[in-house]
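> Structure for this input, please:
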Amino acid sequence: MDSGKAADIVRWVTEAGLTGMTELELLHGFCHRLAAGGMPVARVNIVIDTLHPIHEGRVFRWRRDDQGDLDHMVEYGRTNVGGEAAANWRRSTYYHLLMSGENFLRRRIGPGHVEDFSVLADLRAEGQTDYLVLIHRFEAEGIIGEMDSFYSSWTTDIEAGFTDEQLSLVRELASPLMLALKCASLARIAKTLVETYLGRDAGSLVLKGRIARGVTDRIQAVLWFSDLRSFTHITETADPEQIIPFLNDYSEAIISSICDAGGDVLKLIGDGTLAIFKEEDPGQACRCALKAEQLMRSRIRVLNRDRLVGNLPVADAYLGLHIGEVFYGNIGSQDRLDFTVVGPAVNEVSRIAALCRSVERDVLVSSAFFAAASTAEQECLVSVGRYALRGVNRPQELFTLDPSRMETEEPEQAPISQAAPNC
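Model prediction:
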């Protein structure tokens, strides 16, 4: 490859990184241009640790002879918690570079060549003849979470292997590629963080620049506030190490139900969950909230069954639903903002949810929610009478789901339907 083609690749990857291409787009575009320029590269892997609540990192893969059956991106779990994943990591060439302090490793593959890493036997079986591994380390100021370096591997299947000039050029061109990949990875991490901690909709707004204090929208939304029954008793009687797994199990059931039904979780308050459902049609927002309630009940039933088998404490959720106008946006101090909803309707839904305990109901919905719901949803609801709510001027009629109209069983992963819930 001549210097002009190499310069074209550097120019392309720089511009591609600035335009916001994903890691996979960057890798594939880079490798196609590298191969087209005469570099005899056959397969490339890029390993990137990340900052994610579940995955430790991702592997991005390119193959010259890809027939469409390759998983181009693979996510992997924690390698620092023992087990097979940790053992495989410690045997890898990447770990060798990390611990040795070296920047690259090269191994010829085939008869007469040493196979001191297990991957070399696999590569020999694929017909590869030369193997180059690189590590690009970050300085302390550039480390985010587990993302402290990028690893890459490059192989060829030509009999003579890479020439020294080709190896040097791969190492030179890999640096601008890794810089572009870091930009893409940081964008992905930012999106993951804001959506994990703020919710999907709020996170999206923050990434679009809605971070100024006091910038809010006045919106009409269905408000969801749920809590767990007997949580205080469980925290006082269960083993302390059981409390966090307990909360995680029930939060997963509740939050996944809300998200699957089109809602957005705004805040976790101990065992409580505040969420909203925003739709142009208020009736549709009510329908989505009731669908989320069905999903939540189904998933908690399955969860309780599994936890009882393990002799673990179980709980049920109670829920208040309301619809009203709220302010939705950034509220707080100059140094600490919260993207949330505020307004009388938020206070009201929390009062409605709290009333579930004294009237012994799992679900209570406001008269405003009942009025906004479609006829099909209204037929699923029955009045439980008028009640005074703390901090609310006048008593209001509340409704609950009609037990005689509810299905006795709901599929664990029921699909979200735009039709009325089966009540």
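> Tell me how many other residues surround A238.
Residues near A238, counting by other CB atoms under 10 Å, number 13. C-beta coordinates here come from the backbone N, C-alpha and C atoms, glycine included.
> before we move on, what about I158?
Count around I158 with other CB under 10 Å applied: 14.
> now do Y131
Residues near Y131, counting by other CB under 10 Å: 24.
> repeat for S3
For S3, using other CB under 10 Å, the count is 8.
> Name all residues that make contact with the residue nearest to I211 when sequence neighbours are not counted.
Nearest non-adjacent residue to I211, counting by CB to CB, 6 or more residues apart in numbering: N330, 6.4 Å away. Counting by CB atoms under 8 Å, 6 or more residues apart in numbering, N330 makes contact with 210-216, 337-339.
> Could you look up the SS state of V341?
Following DSSP: H, G, I helix; E, B strand; the rest coil, we place V341 in the strand state.
> That one reaches K278, doesn't it?
No - with contact defined as CB atoms under 8 Å, V341 does not count as touching K278 (10.3 Å).
> Between these two, which contacts overlap?
Common neighbours of V341 and K278, counting by CB under 8 Å, 6+ apart, are A221.
> the more surrounded of these two?
V341 (25 against 16).
> For E379, see how far away the nearest residue to the more buried one once chain neighbours are set aside is.
Spatial nearest neighbour of V341, chain neighbours left out: V326 (4.2 Å); criterion: CB to CB, 6+ apart. Distance of V326 to E379, computed by CB to CB, to the nearest Å: 28 Å.
> What of L24?
On the measure of CB to CB, L24 and E379 end up 49 Å apart.
> More neighbours: which of those two?
L24 (17 against 13).
> Looking at the residue of the chain most remote from its centre now. What's its pLDDT?
What lies farthest from the middle of the chain is G112; by CA atoms, centre = their mean that is 46.8 Å. Listed pLDDT for G112 reads 89.
> roughly how far apart are it and V133?
According to CB to CB, G112 and V133 sit 20 Å apart.
> same check, this time on I234
In terms of CB to CB, I234 sits 50 Å off from V133.
> in the chain, which strand has the most residues?
In the chain, ranked by residue count with DSSP state E as the criterion, the top strand is strand 317-332.
> Just give me how far that one sits from the chain centre.
How far strand 317-332 lies from its chain's middle: 23 Å, per CA atoms, centre = their mean, to the nearest Å.
> quick one: buried residues of that strand?
317-324, 326-331 (16 or more other CB atoms under 10 Å).
> mind listing the strands for the chain?
Using DSSP E, strands in the chain cover 43-49, 57-63, 73-76, 104-108, 130-137, 149-156, 216-228, 264-269, 272-277, 317-332, 337-342, 363-365, 381-387, 396-401.
> where's the worst-scoring helix or strand of the chain on mean pLDDT relative to the chain centroid, distance-wise?
Every helix and strand of the chain was ranked by mean pLDDT, DSSP states H and E. The lowest is helix 83-90, at a mean of 75. Distance of helix 83-90 from its chain centroid, counting by CA atoms, centre = their mean, is 24 Å.
> Show me which residues of it are buried.
W89.
> With stretch 256-270 instead?
Neighbour count says stretch 256-270 has 256-267 buried, by 16+ other CB under 10 Å.
> Reformat those as TSV; add distance to V10 and pLDDT.
Formatted as TSV, the buried residues of stretch 256-270 follow (distance: CB to CB, whole Å; pLDDT from 0 to 100):
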residue	distance to V10	pLDDT
S256	44	95
S257	49	97
I258	46	96
C259	42	94
D260	44	95
A261	48	96
G262	45	94
G263	46	95
D264	42	93
V265	44	94
L266	44	92
K267	46	91
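> Which one of those residues is nearest to A373?
A261 (14.6 Å; CB to CB).
> W224 against V349, yeah?
Yes - under the criterion of CB under 8 Å, W224 makes contact with V349 at 7.3 Å.
> Common neighbours of those two, please.
320-321.
> Next up, the contacts around the closest residue in space to D8 that isn't next to it in sequence.
Among residues not flanking D8 along the chain, R33 sits closest, at 7.4 Å (CB to CB, 6+ apart). Shown in contact with R33 (CB under 8 Å, 6+ apart): 8-9, 12.
> And those, which of them are buried?
Buried residues within the contacts of R33, counting neighbours by 16+ other CB under 10 Å: 9, 12.
> sorry, back to before: now the longest strand of the chain and strand 264-269, what's the angle there?
Strand 317-332 runs at 100 degrees relative to strand 264-269, counting by axes from the mean of the first three to the mean of the last three CA atoms, to 10 degrees.
> circling back: ranking the strands of the chain by mean pLDDT, which is last?
Among these, strand 73-76 scores lowest, at a mean of 80.
> could you say what helices and strands it packs with?
In terms of contacts (3 or more CB pairs under 8 Å, 6 or more residues apart in numbering; DSSP states H and E), strand 73-76 is packed against strand 57-63.
> just the angle between the strand it packs on and strand 149-156, please?
Going by the same axes, to 10 degrees, strand 57-63 makes 20 degrees with strand 149-156.
> what's in contact with strand 57-63?
Residues beyond strand 57-63 that count as contacts (CB under 8 Å, 6+ apart) turn out to be 23-24, 27-28, 31, 42-50, 70-76, 146-147.
> the domain parsing of the chain - what is it?
3-196, 199-405 (automatic domain parsing).
> Ranking those by mean neighbour count, which comes first?
domain 199-405 (a mean of 18; mean count of other CB atoms under 10 Å).
> mind checking how far that domain is from the chain centre?
21 Å.
> do the same with stretch 172-192
Taking the mean of its C-alpha atoms, stretch 172-192 sits 19 Å from the chain's own mean (CA atoms, centre = their mean).
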